[in-house]
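Peer 1: Build me a structure from this.
(one chain, ligands or ions: 1)
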Amino acid sequence: MKLYDGGRAPNPRRVRIYLAEKNIEVPTEPVDIGALAQRSPEFTALNPMQRTPVLVLDDGAVIAESIAICRYFEELFPTPPLFGTGALERAQIEMWQRRVELGLLSSIAAVFRHLHPAMVEMEVPQVPEWGEANKPKVLDFLGLLDRHLADREYLAGSFSVADITGLVAFDFLKPAKLAVPDEFVHVKRWHGTLKARPSAAA
Ligand SMILES: N[C@@H](CCC(=O)N[C@@H](CS)C(=O)NCC(=O)O)C(=O)O
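Peer 2: Residues are numbered from 1 along each chain as shown. Here you go, the predicted structure:
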């Protein structure tokens with residue numbers, strides 16, 4: 001088994017945090033996405049989407065997409081449960097995972113990818129207007145999250161993969177040069193709680 005890891009980028013980090021929470025060790029191979037190694041013929045043969053992370057099993061089977069990789073390990077090692085237990089909690093974790101992935105992480109990624117000079121070769125074409133258009137979307141979502149977190153510690157039930165996506169998205173605000181307004185105290189408290197977990201160092 002081998003995990004092709006894209007370093008400091010947010011999606012590979014989601015999987016590393018998940019694995020750290022589960023105490024699962026997987027041999028990794030770094031993919032230098034800054035040098036566009038994900039576009040090499042070898043990597044493209046593994047993942048035609050040319051994105052990291054990618055998990056390759058001993059029999060050569062390939063799993064891409066961060067959450068698909070996490071789900072694979074969840075089936076093998078259900079404890080501690082990070083996708084929830086019971087029908088309702090599972091559904092609510094799924095709901096928040098998707099909301100945070102689509103509503104926050106994707107918008108922050110759009111700001112970063114379309115405005116940061118370092119992304120000029122990776123994001124073709126870079127459309128600065130789209131980066132700018134996503135800034136208020138990020139703020140709106142952070143506001144929604146703040147209201148949701150006012151009376152709960154985690155996004156849905158106990159600590160879960162939804163919080164992992166949220167943590168990674170939050171930490172991606174800095175490279176995207178976005179700030180969290182001071183009034184979002186609940187989001188900040190939630191982030192502080194997640195950041196204090198040892199897995200956040202992954
Ligand atoms: N939906 C995918 C997204 C993967 C993704 O966008 N990975 C980024 C790193 S965060 C990447 O490899 N980017 C390379 C590129 O855009 O060329 C997932 O959840 O794993």
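Peer 1: Which residue is the nearest non-sequential neighbour of R147?
Peer 2: H186 (7.7 Å; Cβ to Cβ, 6 or more residues apart in numbering). C-beta: built from backbone N, CA, C; applies to glycine.
Peer 1: Do you know the pLDDT at that neighbour?
Peer 2: Model confidence at H186, given as pLDDT, is 98.
Peer 1: what residues are up against it?
Peer 2: 145-147, 149-150 (Cβ atoms under 8 Å, 6 or more residues apart in numbering).
Peer 1: Go again with 10 Å.
Peer 2: 145-152 (Cβ atoms under 10 Å, 6 or more residues apart in numbering).
Peer 1: now do R189
Peer 2: 146, 149-150, 153 are the contacts of R189 under Cβ under 10 Å, 6+ apart.
Peer 1: re earlier: give the PyMOL command for selecting the buried subset of the contacts of H186.
Peer 2: Selection of the buried residues among the contacts of H186 in PyMOL, burial being defined by 16 or more other Cβ atoms under 10 Å:
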select buried, resi 145+146+148+149
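Peer 1: Farthest-apart pair in the contacts of H186, please.
Peer 2: Greatest spatial distance in these: L145 and D151, 12.9 Å, computed using Cβ to Cβ.
Peer 1: and which of the contacts of R189 is nearest the ligand?
Peer 2: L149 (23.1 Å; Cβ to the nearest ligand atom).
Peer 1: Which pLDDT does the model give the closest one?
Peer 2: At L149, pLDDT is 98.
Peer 1: Nothing else from me, thank you.
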